[in-house]
Every structure is written in structure tokens, then in C-alpha cells.
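Visitor: 3D model of this:
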Amino acid sequence: LYAKSGDLGADTTVEVIGGAESDPPTLTSFSIDKNVVNVGGIDQTIKFTVGAEDASGVHWPSANLEFNDPSGKSYYISFSVDAPHVASYTFSSDSKSGVWSVGQVRLVDTLDNRATLYAKSGDLGADTTVEVRALDTDFDSISNCDDADDDNDSVLDVDDAFPRDSSESVDTDSDGVGDN
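Guide: Take a look at the predicted model:
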């Protein structure tokens with residue numbers, strides 16, 4: 001018997017009543033507490049706060065945020081289970097300087113329905129970047145985390161006993177005082 005041929009009669013539709021809901025979670029809010037951090041002297045933590053709702057409930061242990069450094073490397077950060085739902089990232093003096101950006105937020109409900117919200121498409125609003133101003137001890141416009149010679153004394157940091165002191169680079173007796 002085939003429904004197309006009419007073998008089953010005129011009404012060949014089926015209505016499903018009940019069962020599990022199949023809608024993914026809905027984002028209700030997204031914010032970043034800082035858009036510029038200066039990691040020249042002390043580590044800086046930024047916080048992403050997300051609000052979401054779903055008929056079956058959001059499964060927060062499965063939700064996460066993709067955060068990309070200026071080179072495009074991705075870091076995945078989980079949200080706190082308790083409200084407010086916060087994901088934190090700490091920048092140190094070794095963090096790459098430049099603009100870091102949120103790539104996406106992934107939400108999952110308790111029935112495993114999923115939503116991926118992309119920053120580039122505007123799903124998260126306009127506020128999705130953080131400018132990192134890193135330590136640059138020799139003021140050569142290259143942050144220390146990317147600079148092979150932090151004090152600009154022509155001795156690479158890996159060979160320099162005092163990588164942030166341009167007047168010293170050797171400590172032959174290992175007493176913590178340079179030879180100059």
C-alpha cells in the first residue's frame with residue numbers, strides 16, 4: 001500500500017502529540033565585563049556572562065564559549081553551573097597582545113538539543129572582543145611574549161641571564177648579580 005496512490009485513503013497525515021520538546025536553548029543575554037586589559041604589571045581576568053532559557057532547562061555543564069587569540073588559536077571556556085552563568089579567562093604578561101574575539105557560544109538543554117551562536121553573524125551582539133595590551137619592556141612595539149629579546153640588548157632572552165635588563169646579560173658565578 002502506498003499513500004501516494006491513495007491506497008490509504010484521502011487523509012494520510014500523522015500528528016504527533018506529546019513527546020519531548022525539540023527546541024534548542026535560547027540566548028537571553030551576553031556580556032563581557034572588560035573590553036581592554038593591560039597585562040603589563042599584573043594578571044587580568046575577564047568575565048563573560050550569559051543568560052539562556054529553555055523549556056526543559058539549560059544543561060550548563062555542557063555549555064561553553066570559544067575565545068580566540070589574535071593568531072586564531074581557540075580556547076574553550078565552560079560556564080559556571082550556578083547563576084549568573086559566568087565564564088572567566090585570565091590574561092598574563094605572556095598572553096598575546098592584540099584583539100581577542102569570541103567565536104561562538106554553545107548552549108545545550110537537558111534533552112541534548114543544541115544551539116551554537118556565532119559572534120561574526122551578530123548572534124551575541126556587537127560587544128565580542130577584548131583588546132590585550134601586553135608588557136613591552138624595551139618599547140620596541142613587540143610584546144614580551146612575542147619578543148625574543150625583551151630588553152633589546154642583542155642577546156636573546158634564552159641566552160640572557162637578565163632578559164629584562166639591557167645593561168646585563170651574563171652572570172658567570174650565578175650569584176644573581178650581573179658581571180657588568
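Visitor: Could I get the pLDDT score of the residue nearest the centre of the chain?
Guide: By Cα atoms, centre = their mean, the chain has its centre lying nearest to Phe67, at 2.0 Å. Listed pLDDT for Phe67 reads 98.
Visitor: Helix or strand next in line after whichever strand or helix holds it, which one?
Guide: If you go by DSSP states H and E, Phe67 is part of strand 64-68. For strand 64-68, the succeeding helix or strand toward the C-terminus, using DSSP H and E, is strand 74-78.
Visitor: Return the list of helices and strands in contact with the helix or strand following that next one.
Guide: Next helix or strand after strand 74-78 toward the C-terminus (DSSP H and E): strand 85-91. When contacts are defined as 3 or more Cβ pairs under 8 Å, 6 or more residues apart in numbering; DSSP states H and E, strand 85-91 packs onto strand 44-53, strand 64-68, strand 74-78. Every C-beta, even on glycine, is put in place using the N, C-alpha and C of the backbone.
Visitor: What's the mean pLDDT across the last one?
Guide: Strand 74-78 carries an average pLDDT of 97.
Visitor: quick one: it to strand 85-91, angle?
Guide: 140 degrees (axes from the mean of the first three to the mean of the last three Cα atoms, to 10 degrees).
Visitor: Thank you kindly, that will do.
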